[in-house]
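*Asks:* For reference, the sequence and a predicted model appear below.
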Amino acid sequence: MVNNENTNSTHKKEVHSDSHISGPAASMASAKEEDMGFKELYEQSLNQIQYGDVTFGTIVQVTADTVMVDVGWKTEGFIPIRELKDAQGNLTVSVGDNIEVFIDKRDSEGNLILSHEKAAKLKVWDEIKSVYENKQTIKGRIVEKVKGGLSVDIGIIAFLPGSQVDTRPIKDMDQFVGQTMDFEILKYDRKRNNVVLSRRSIVSASREKEKQLTLSTLSEGSVVEGIIKNITDYGIFIDLGGIDGLLHVTDISWGRISKPADAFRKGEKIKVKVLSFDRDKERVSLGLKQLHENPWDNITEKYPIGALIQGKVVNLTDYGVFVEIEPGVEGLVHISEMYWTREIKHPSKVMNIGDEVNVVVLEVNAEAKRVSLSLKQTTPNPWEKLKERYPVGTVVKGHVRNITNFGVFIGVEDGIDGLVHVSDISWKHRVTHPSEYFKKGQEVEAVVLNIDVDNEKFSLGIKQIEKNPWDELPQKYAPGSVVSGKITNFTDFGIFVEIEEGIEGLVHISEISSKRVKTAGELYNIGDTVSAAVKSIDPKSKKIRLSIKDLEAPTPAPASNQYLNNRENVGSTLAQALADVKIGGQTKE
């Protein structure tokens, strides 16, 4: 489109040069020349502007949809206004600004269409070509993570493969999004609008330069600052500047460190001490605890046995609680040292990490770096009070709290149960299982048998409330006395006879009958009432020996025996008569 003001001024010059013509002819000539001048100027402008060119123009007008730009030679074109707005929708130019435009095409009405975006892209492609050919770098901003790598804005969208992001594999690509970096161009294809970038060699060169600087200043014993690069169960890798050092888990703290990841994070800055340095192999061992004095050096003097101290719960386990009594020093409160009487399944039920607690020092082992602590010993021992309150022989009352196959637990004090062993339930009855005689919650009386304060054991007895019937049995049933009772059991070696309630005696199979008996079942049945003679009673072992055979009538002697006896009598009589005769003869003499 041609500017009217310029056309009119040209037209005036032409009219001035032909001023000798006058009248109607002059007017016609003037109009003809004006048409010819306009046409020439328009054609001249077209010859100067070629489609596909990039040129500069001046913004002359801004409307709601377009921006009008004067590209010279009396020619104006239009740019869609969206090309000149930012991400928030704000216009980035104003009337009078010079901008670079691309001569695109004409629309159906003959208006010249321009593009600022295409001009910028053409300029970028020229830069891409120059950077690639001259092996230079180009700046770009990483836009987003895409499949296989990252998308980078370098004026156009380029692709950065994941393998080209760093010299080492990168797991977390998202950390780079939004960062502006320098890149090399691996290859480009303008027709396909494809550009592939790389950072590997740039990073490698930067690391090498940084590494050489670090190596020149690194020495054993020096304190350096680095960035945590990776965390494992056995230690932490720290980037010291182009070279990595290992902070082993044993050199993190004078105390116990189970998982470094619980106390440290990737990307954190950290000061460490160089413990050893192999320049040839580029291996660096680091220490963190060495920045502080070893608290275990004077631990025994600082925490004497029996001292009451304060600490903080730092770990909970099945077997107890770890309490930090100072940085780097932790002591264990074993689960048995938590409470005097309270039973807990796991310390986490009653404590939390971070709780402040008072504890008593039980043992300190500086060499093993072990401190034993007690929580319960910060309070009086209830077992000592129990022993004072209930001397041996005291009769107490309580409720059955638990029943086991070996006895009954009776609650006497809050949190303290006494055990009635199965052998202390009855003098007379053979107790197979205590549940036959007791139920939970049942109130019972028992006698205090023993209180072991050190081992926290409280022994009770129920049968001891009554006298021991076995003590009276030897006087009641003297050897040879006859007793009666029912047969309660058969064994291979005899039968048991209940002579009193709960008191049984054994008739050995050899004492059942004077006749040969293979089994007691040949003669008796369980429940039969029999009489027997008492042979012996042992109150200590609770054994009574009985005999049925001793009550049987004497058996007459066989005939042959009587004959022998008569012969012996005759012989003795004859010998006596002869002796008398001999004596008589001597007397006569």
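*Replies:* Yep, it's here. Numbering: from 1, shown residues only.
*Asks:* Look up how far residue 254 lies from residue 371.
*Replies:* Residue 371 is 12 Å from residue 254, where distance means Cβ to Cβ, to the nearest Å. The way it works is simple: take the backbone N, C-alpha and C, and place the C-beta from them, glycine included.
*Asks:* How is this protein divided into domains?
*Replies:* Split into domains by automatic domain parsing, the chain comes to 4-119, 218-291, 299-378, 382-465, 469-551, 559-589.
*Asks:* Helices of the stretch 151-300 of the chain, residue ranges please.
*Replies:* 200-217, 299-302 (DSSP state H, counting those that start in this stretch).
*Asks:* quick one: average pLDDT of the helix or strand just after the last one?
*Replies:* Counting by DSSP states H and E, the element after helix 299-302 in chain order, helix or strand, is strand 308-316. In this model, strand 308-316 has a mean pLDDT of 93.
*Asks:* related to what we said a few turns ago, shared neighbours, residue 371 and residue 254?
*Replies:* Residues touching both residue 371 and residue 254 (Cβ atoms under 8 Å, 6 or more residues apart in numbering) are residue 329.
*Asks:* Comparing those two, which residue is more hemmed in?
*Replies:* residue 371 (26 against 21; other Cβ atoms under 10 Å).
*Asks:* ok, residue 121 - how many residues close by?
*Replies:* Residue 121: 17 neighbours (other Cβ under 10 Å).
*Asks:* Which per-residue confidence value corresponds to it?
*Replies:* 79.
*Asks:* go on, residue 283?
*Replies:* On the pLDDT scale, residue 283 is placed at 89.
*Asks:* Next, the contact list for it, please.
*Replies:* Residue 283 neighbours (Cβ under 8 Å, 6+ apart): 246, 276, 277.
*Asks:* could those residues go into CSV alongside distance to residue 348, pLDDT and neighbour count?
*Replies:* CSV is the format used below for these (distance: Cβ to Cβ, whole Å; pLDDT from 0 to 100; neighbours: other Cβ atoms under 10 Å):
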residue, distance to residue 348, pLDDT, neighbour count
246, 34, 93, 18
276, 40, 91, 12
277, 44, 88, 19
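*Asks:* Let's have the residues you listed in TSV, adding distance to residue 270.
*Replies:* Converted to TSV, these look like this (distance: Cβ to Cβ, whole Å):
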residue	distance to residue 270
246	13
276	18
277	17
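*Asks:* neighbouring contacts of stretch 538-554?
*Replies:* 468, 470-471, 473-474, 477, 482-483, 497, 499, 503-508, 510-514, 530-537.
*Asks:* Chain neighbours aside, what residue packs nearest to residue 325?
*Replies:* residue 311 (4.2 Å; Cβ to Cβ, 6 or more residues apart in numbering).
*Asks:* I'd assumed residue 323 was in contact with that neighbour.
*Replies:* Yes. Residue 311 lies in contact with residue 323 (Cβ atoms under 8 Å); the separation is 3.8 Å.
*Asks:* Compare the two (neighbour count), which wins?
*Replies:* With neighbours defined as other Cβ under 10 Å, residue 311 and residue 323 compare such that residue 323 has more, 26 against 22.
*Asks:* ok, that one touching residue 358?
*Replies:* No. At 9.8 Å, residue 323 does not count as touching residue 358 under the criterion of Cβ under 8 Å.
*Asks:* what about the helices in the stretch 351-500 of the chain?
*Replies:* 382-389, 473-476.
*Asks:* Identify whichever of these lies nearest to residue 351.
*Replies:* Nearest to residue 351, of all those, is helix 382-389, at 20.6 Å by Cβ to Cβ.
*Asks:* which other residues reach that closest one?
*Replies:* 340, 341, 412, 413, 415, 416, 451, 453, 456, 458.
*Asks:* That one: which residues count as buried?
*Replies:* Residues of helix 382-389 classed as buried by neighbour count (16 or more other Cβ atoms under 10 Å): 382, 383, 386, 387.
*Asks:* how much space between residue 245 and residue 264?
*Replies:* For residue 245, the distance to residue 264 - Cβ to Cβ - is 14 Å.
*Asks:* Residue 368 too?
*Replies:* In terms of Cβ to Cβ, residue 368 sits 26 Å off from residue 264.
*Asks:* Compare neighbour counts for these two and give me the winner.
*Replies:* Higher neighbour count among residue 368 and residue 264: residue 264, with 17 against 8, using other Cβ under 10 Å.
*Asks:* mean confidence score for stretch 290-298?
*Replies:* pLDDT averaged over stretch 290-298 gives 88.
*Asks:* Tell me who's in contact with the residue most central in space within the chain.
*Replies:* When Cα atoms, centre = their mean is applied to the chain, the residue found nearest the centroid is residue 259 (9.4 Å). The contact partners of residue 259, by Cβ under 8 Å, 6+ apart, come to residue 233.
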